[in-house]
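Novice: could you look at this predicted model? Sequence included:
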Amino acid sequence: MAPLELVLADFQGPLDLLLHLIRQSKIKIYDIPIAQVTQQYLDYLQQMQSLQLDIAGDYLVMATTLMRIKSQMLLPQAPVLDELAAEDEGGDPRSDLVAQLLTYQTFQNITQTLQDYEKKRQLLHAKAVTTVANPDRIPLRPGVKVARDLALSFRQLQARQQPVDLVFPGTIETMSLEAATGIILEKLAQHPVTTFGQLLQKSASSEEVVTKFMALLELTHNSVIQIQQSDYQADIEVKLWQSKQP
């Protein structure tokens, strides 16, 4: 097996670094080869030390956690007498780490979705107000000599002109957090399982997208909704907790 080549980059934290190692090695998060990942993680920290880079404390805490999990998995498993004793043993020592990685990955993907919406929003430009240069000197078509002819031409111009909906800065109404929460819950009442993109696709502004995102975080924190993702590239699903469903 070829040695893993790491590119020193600015990571958001130890979970970000672990996800980088897992993706680069094409490892399944649900079944992490802890010995391999621990060695790669420690190798990376050694590279940082060799370049005389300061290592934040949370990276060292994660290194300690990985080595502890590795030690637990190397210990021989004593026979378990009953199910209650098995539950007390805590199960797979990797389970807490896997849960943290899945949660971090989900919010990382949500952040990327918001950034994509922001980029699309930047491509939209409001039509500027059409102004006429030198309005006191507007040339008339040949043959217009009297006010009646001028009025007729103006009416014909109005009849040909299609109404245009213009969006001017400052005219978009801001959405409150309560209103965004109501929209999300109403959507989930109609469709118990929806996606993050579907909840945001009819947003009128980037401010509304941010407000809906904050509402989603609040509903998740209060255990009203669940946010999950079946695969790294799959849509982010949003649904009500079972106890909250009508």
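Specialist: Looks like it came in fine.
Novice: show me where pLDDT drops low in this protein?
Specialist: 1-10, 52-55, 76-90, 125-173, 203-204, 206, 229-234, 242-246 (pLDDT under 70).
Novice: next, the buried residues of the helix ranked longest in it.
Specialist: Ranked by residue count and defined by DSSP state H, the top helix of the chain is helix 95-122. Buried residues in helix 95-122, counting neighbours by 16 or more other CB atoms under 10 Å, are found at 97, 101, 104-106, 109-110, 113-114, 117. The C-beta positions use only the backbone N, C-alpha and C, and glycine is treated the same way.
Novice: just checking, what packs against that helix?
Specialist: Packed against helix 95-122, as judged by 3 or more CB pairs under 8 Å, 6 or more residues apart in numbering; DSSP states H and E, are the following elements: helix 14-24, helix 57-74, helix 196-200, helix 206-221, strand 225-228.
Novice: output the ones you listed as JSON lines; include the columns distance to Leu51.
Specialist: JSON lines is the format used below for the helices and strands packed on helix 95-122 (distance: least, CB to CB, whole Å):
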{"stretch": "helix 14-24", "distance to Leu51": "15"}
{"stretch": "helix 57-74", "distance to Leu51": "14"}
{"stretch": "helix 196-200", "distance to Leu51": "38"}
{"stretch": "helix 206-221", "distance to Leu51": "37"}
{"stretch": "strand 225-228", "distance to Leu51": "38"}
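Novice: which one of these lies closest to Asp43?
Specialist: helix 14-24 (9.6 Å; CB to CB).
Novice: report all helices and strands that the closest one contacts.
Specialist: Short answer (3+ CB pairs under 8 Å, 6+ apart): helix 14-24 packs on helix 34-50, helix 57-74, helix 95-122.
Novice: which residues touch the first one?
Specialist: Outside helix 34-50, the residues within contact range by CB atoms under 8 Å, 6 or more residues apart in numbering are 4, 6, 8, 17-18, 21-22, 25, 27, 55, 59-60, 62-63, 66-67, 69-70, 73, 94.
Novice: before we move on, the earlier item: okay, the helices and strands packed on helix 95-122 in CSV with distance to Pro33 and mean neighbour count next?
Specialist: Formatted as CSV, these follow (distance: least, CB to CB, whole Å; neighbours: other CB atoms under 10 Å):
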stretch, distance to Pro33, mean neighbour count
helix 14-24, 10, 18
helix 57-74, 10, 14
helix 196-200, 31, 17
helix 206-221, 31, 18
strand 225-228, 24, 16
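Novice: the helices and strands packed on helix 14-24: which one's closest to Gln190?
Specialist: Once these are compared by CB to CB, helix 95-122 is nearest, at 21.8 Å.
Novice: give me every residue that touches Met67.
Specialist: So Met67 contacts Thr38 (CB under 8 Å, 6+ apart).
Novice: sorry, that was for Val193
Specialist: Neighbour list for Val193: 237-239 [criterion: CB under 8 Å, 6+ apart].
Novice: as CSV, the helices and strands packed on helix 14-24 with distance to Gln190 would be great.
Specialist: Supplementary listing: the helices and strands packed on helix 14-24 in CSV, determined by distance: least, CB to CB, whole Å:
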stretch, distance to Gln190
helix 34-50, 43
helix 57-74, 42
helix 95-122, 22
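Novice: wait, which of those helices is closest to Phe196?
Specialist: Phe196 lies closest to helix 95-122 among the helices and strands packed on helix 14-24, at 6.0 Å (CB to CB).
Novice: now do the domain split for the protein, please.
Specialist: As given by automatic domain parsing, the domain ranges for the chain are 10-74+92-102, 174-244.
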